[in-house]
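Q: build me a model:
(chains A and B)
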Amino acid sequence: MRPSTRFAFRLWASSALAGFVCLFGIGCGSNTEDEFPENEITVIVPFAAGGGSDVFVRIFQEAIRKNELCPHPIVVKNVSGAGGTIGSRAAREAKPDGHTILCLHDGIFTAQHYGNALWGPSDFEPIASTGRSGVVVAVSEDSPFESLDKLMEEAVRKPNQLVYGTNLGAPNHYSALFLQKGKPGAKFRFTQTGGGAKRLAQLKGGHVDLTGFSVAEYEQFKAAGIRALAVLSEEREPSFPDLPTAREQGVDAIHGLMQFWWAPKGTPPHRMAYLESLLREAMATESVQERLSNLHMDPVFQVGEPLRETIRQRSANLEGITIENKTPLPPLEWIVLSVVGVCSILVWREAKA
Amino acid sequence: MIELFTDPLILGLVLLGTILGITVGAVPGLTGTMLIALSLPLTFSMEPVAGLVLLVAMYVGAVSGGLISATLLRMPGTPAAVMTTLDGYPMATSGRPGRALGLGVGASLFGGLISWLALWQLSEPMADWSTKLGPFELFSLVVLALALLAGVGDSTRARGLLAGSLGVLVAMPGMHPATGELRWTLGMTSMNEGFRLIPVLIGMFAIGKILEDLTGKGGEVEKVSGKDSAWIPFGVWKKQLGNLFRSSGIGTLIGVLPGVGANIGSLAAYMAAKRASSKPEEFGKGSEEGIVASESANNATVGGALIPLIALGVPGSVIGAVLLGALIVHGLQPGPLLFRQNPEAVHAIIGTVLVANVMMFLVMLGCARWIAKLSLIPKKILFPLVAGCCIWGAYALNGLWFDVVVMLAFGVLGWRMETAKLPLAAFVIGFVLAPVAEENLCAGLMASGGSYLPLLTRPISLCFLITAAVLLLWKKKGSANKP
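A: This next block holds a predicted model:
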């Protein structure tokens, strides 16, 4: 071995040894005294990167990093798909050590109610709720309906005629169901329109009669030629002081979108307390306050008993809701299966010939 | 608009975004959506205009970069480049990789410029037009696209249809695109979303291709070699002018429609070029027209997809949705007011489409000589690299090992389909279109109370359906006439 090689080897060996010692040292340390967090905290966002929920979580991530609120980084992990149920399951099955948490809005309630998830809010430890968006009901500018009560009367007089564009199974669908429930006898014809922007296109093109938007979406879309009839909040929204609530118009419907942070069941209480105070500090920063107001969100912050009460109330509200009058749809999957069968026979005969 | 791009910082950001975009576009497994979503938080601390410029440049680069791996390796780096594999790869294996790249890059620039013009001058009328198309029209459009599938590749019509319908079948498990109910998930939550596009796409093409080459008997593997120039003389472009305008127009128009995007854009332009061509038999065997049609159309969808974003605040693509998020975070209010309230942001977006397309052209043409050498890397080095990227990309998508398993399984399927001479492009496009078709048909039926009549009574929808029927029947006569 040449001296330089030997030196390199020794250097390598000693640094490797040092590395091992460090690893063990940290490992032992964490076993004896509970240092939390030991490493990065992963926030599961059950929707695609760049969407509303993703942007929301990243606002907190940025505030925590900039203000050095946590010694370890916050990592956003997008586990999207199937209305948030894939991500919420990943969080539910994560190790309950506080290093993996979930941020999911009212979709956690509706997915369980709609039957797409066997788990719901009671399968998690709620950490905090950090913001609420109001929901408005809107029609196209050239719609004959000038107010919500007129529209609801029409829905009572001619049930199943007014087409309501929703994202079936998502909180947006439930806003409409609450609306229906708030006016006995009223029935809408629901159709699938997907996310907020698609709902705007369908409303503008005259393909649906009415639909729901978050206050932020409405602010963004209103100049495109749509008109809100009511907001489903308890009081008027500060951004739209002239827009009456549904209750003022005799329709007893309250709905809104709350952002909740959840930890897997069994997360130790002191770690829950840490996460709680981390979110509280982040929430108090100027950047979070400013960005939430850009998103027209009401910066409510709830933890502990008030939070549990909110969750109980939201679950209870859903219990009175039933899903009905579904349009019969063609069994496309079986049609496709038979087409595949026919084509296989064609190809098989062709190959034989 | 011009002053903005005299700022060296902005120009540097466009260049950086374009190069990063091209890179992720070219690597199978990494996508532009991923890059843009990951870069979004970095732009939070930038000036809004600078952030937008960077993100839009990445978008343009990512759609363009896909043609590199599609041409040299037959592995489309992005879904939009699927049609480019059909002719780019045969041309590259026949000893003209430079020419195949040059055609693709030039056509991309042309498509980008046409859609930039539309974005700049026609965004309001086009955005209004796009809202006129409701669920029934979109369904009929997808039926038209599926009818086009029968003629994809150089296989027979029955094989094209079988591959396409298999793709549709594979799209069935998971959440029903319209009702949100679960179907064929075998009780597994991982299956709730069904099979995702990226694992399926890179499995079918990249892993499938690796398996195929590994099992090729006695080294009878097609090789890409040749040192021809990527500079395409002006005379060649002159001959392609009609094709370029038609394909870019189709790409722009289809890009405007929400959720339909770059895949249908390049498919429709490709098939239209095949039908208009005097040499349709060359399609699928290295046709210049095929490469030009696919690449000009997929770049044209970028400008098209930005039209409803700027004019209405409605994103025309997944990447558009991320850009929308970027606007909101920066405190800009997307929608019709954006033009009046923040004209500098609109000008930045529109200007970047132009500048990034030109930079993409210069970068890719300038590097074509080195890019073409990619295919000279020995397979024993290249394959593990590509496989590694694929596995990492599939996992990074959502951090689920399920996606990696799906990708490997579809690799085996792709390999078997290739041996059975079933066109992979038809499979992937069927897979992409199935949920769009189902969602729109069901949404239409729910709105009409279960009546199918609007499919025939709405004029645009009727037009699409008649065209689809004519295409299928016309094709039949054409093949009967063949000797």
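
Q: what about the nearest residue to residue A:52 once chain neighbours are set aside, which helix or strand?
A: Nearest residue to residue A:52, sequence neighbours excluded (C-beta to C-beta, 6 or more residues apart in numbering or on different chains): residue B:325, at 7.2 Å. Quick note: C-beta positions are derived from backbone N, CA and C, even for glycine. Assessed by DSSP states H and E, residue B:325 sits inside helix B:318-329.

Q: CA atoms of that helix as CSV?
A: What follows is helix B:318-329, C-alpha atoms only, in CSV (Å, rounded to 0.1, in the frame of the first residue of the first chain):
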residue,chain,number,x,y,z
VAL,B,318,-52.7,19.8,-14.4
ILE,B,319,-49.7,22.1,-14.8
GLY,B,320,-52.1,24.9,-15.4
ALA,B,321,-53.7,24.1,-12.0
VAL,B,322,-50.4,24.4,-10.3
LEU,B,323,-49.7,27.8,-12.0
LEU,B,324,-53.1,28.9,-10.7
GLY,B,325,-52.0,28.0,-7.2
ALA,B,326,-48.8,30.0,-7.8
LEU,B,327,-50.8,33.1,-8.8
ILE,B,328,-53.0,32.9,-5.7
VAL,B,329,-50.1,32.5,-3.3
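
Q: which SS state does residue B:53 fall under?
A: What DSSP: H, G, I helix; E, B strand; the rest coil gives for residue B:53 is helix.

Q: ugh, wrong one, I meant residue A:127
A: Residue A:127 is classified as strand under three-state DSSP.

Q: which non-adjacent residue is nearest it?
A: residue A:261 (4.2 Å).

Q: that neighbour - that's part of a strand, no?
A: Yes. Counting by three-state DSSP, residue A:261 is found in a strand.

Q: ok, longest helix in chain B?
A: Longest helix in chain B by number of residues (criterion: DSSP state H): helix B:343-372.

Q: average pLDDT across it?
A: The pLDDT scores in helix B:343-372 average 90.

Q: report whether it contacts chain A.
A: No. Helix B:343-372 is not in contact with chain A by C-beta under 8 Å from any C-beta of the partner chain; minimum separation 13.7 Å.

Q: which of the residues in that helix are buried?
A: B:345-361, B:363-365, B:367-368, B:371-372 (16 or more other C-beta atoms under 10 Å in any protein chain shown).

Q: now it and helix B:318-329, what's the angle there?
A: 140 degrees (axes from the mean of the first three to the mean of the last three C-alpha atoms, to 10 degrees).

Q: would you say residue A:75 is within a strand?
A: Yes. Judged by three-state DSSP, residue A:75 forms part of a strand.

Q: about what we covered before: thought the residue nearest to residue A:127 was touching residue A:103?
A: Yes. Between residue A:261 and residue A:103 there is a contact at 5.2 Å, judged by C-beta atoms under 8 Å.

Q: tell me, what's touching those two both at once?
A: Residues touching both residue A:261 and residue A:103 (C-beta atoms under 8 Å, 6 or more residues apart in numbering or on different chains) are residue A:43.

Q: ok, which residues in the stretch 51-200 of chain B are in contact with chain A?
A: Residues of the stretch 51-200 of chain B lying near chain A (C-beta under 8 Å from any C-beta): B:130-135, B:156, B:158-159, B:161-162, B:165-166, B:168-169, B:172, B:174-175, B:177-184, B:189-190, B:192-193, B:196.

Q: the stretch 351-483 of chain B too?
A: Residues of the stretch 351-483 of chain B lying near chain A (C-beta under 8 Å from any C-beta): B:398-400, B:422, B:434, B:438-439, B:441-447, B:449-450.

Q: show me those that map onto helices.
A: Using DSSP H, those in helices are B:398, B:434, B:438, B:439, B:441, B:442, B:443, B:444, B:445, B:446, B:447.

Q: how many other residues sit next to residue A:335?
A: 12 (other C-beta atoms under 10 Å in any protein chain shown).

Q: with residue B:49 instead?
A: There are 22 residues near residue B:49, going by other C-beta under 10 Å.

Q: please identify which helix or strand holds it.
A: Secondary structure (DSSP H and E) places residue B:49 in helix B:48-72.

Q: got the angle between that helix and helix B:343-372?
A: 30 degrees.

Q: which elements pack onto helix B:48-72?
A: Packing partners of helix B:48-72 (3 or more C-beta pairs under 8 Å, 6 or more residues apart in numbering or on different chains; DSSP states H and E): helix B:8-26, helix B:32-43, helix B:82-93, helix B:97-121, helix B:288-311, helix B:318-329, helix B:343-372.

Q: out of these, which gets the lowest mean score?
A: Across the helices and strands packed on helix B:48-72, the lowest-scoring stretch is helix B:318-329, with a mean of 74.

Q: who does the helix holding residue B:325 touch, helix- and strand-wise?
A: Partner elements for helix B:318-329 (3+ C-beta pairs under 8 Å, 6+ apart): helix A:52-66, helix A:286-294, helix B:32-43, helix B:48-72, helix B:288-311.

Q: for the third one, which positions count as buried?
A: In terms of neighbour count (16+ other C-beta under 10 Å), helix B:32-43 has its buried residues at B:32, B:33, B:34, B:35, B:36, B:37, B:38, B:39, B:40, B:41, B:43.

Q: ok, now the shortest one?
A: Taking 16+ other C-beta under 10 Å as the neighbour-count basis, helix A:286-294 is seen to contain the buried residues A:288, A:291, A:292, A:294.

Q: that one close to chain B?
A: Yes. With C-beta under 8 Å from any C-beta as the measure, helix A:286-294 is seen reaching chain B through A:291, A:294.

Q: just checking, next helix/strand downstream of that helix?
A: Taking DSSP H and E, what comes next after helix A:286-294 is strand A:298-302.

Q: how deep is the residue nearest to residue A:52 tucked in, by neighbour count?
A: 23.

Q: same question, residue A:282
A: 25.

Q: can you check the pLDDT for it?
A: Model confidence at residue A:282 (pLDDT) stands at 94.

Q: list, one by one, the residues from the stretch 51-200 of chain A near chain B.
A: A:51-52, A:54-55, A:58-59, A:61-62, A:77-83, A:85-86, A:89-90, A:114-116, A:160, A:163, A:167-170, A:189-195, A:197-198, A:200.

Q: buried only: go through those for me.
A: A:51-52, A:54-55, A:58-59, A:61-62, A:77-83, A:85-86, A:89-90, A:114, A:116, A:163, A:167-170, A:189-195, A:197-198, A:200.

Q: strands of chain A, start to end?
A: A:41-45, A:74-78, A:100-105, A:124-140, A:163-166, A:189-192, A:210-214, A:226-231, A:256-264, A:298-302 (DSSP state E).

Q: backbone phi and psi for the residue at minimal distance from the centre of chain B, please?
A: Centroid-nearest residue in chain B: residue B:80, 1.5 Å away (criterion: C-alpha atoms, centre = their mean). When read as degrees, to the nearest 10, the backbone of residue B:80 gives phi -70, psi -20.

Q: hang on, isn't residue B:108 packed against residue B:360?
A: Yes. The pair residue B:108 and residue B:360 qualifies as a contact (C-beta under 8 Å) at a distance of 6.7 Å.

Q: I'd like to know which helix or strand in chain A has the lowest mean pLDDT.
A: Across the helices and strands of chain A, mean confidence by mean pLDDT, DSSP states H and E is lowest for helix A:3-32: a mean of 48.

Q: and the ones in helices among the residues of the stretch 351-483 of chain B next to chain A, which is closest to residue B:287?
A: residue B:434 (27.6 Å; C-beta to C-beta).

Q: confidence score at that closest one?
A: 88.

Q: where's it relative to residue A:318, distance?
A: 32 Å (C-beta to C-beta, to the nearest Å).

Q: these two: who's more crowded?
A: Just comparing residue B:434 and residue A:318: by other C-beta under 10 Å the higher neighbour count belongs to residue B:434, 25 against 17.

Q: thank you, goodbye.
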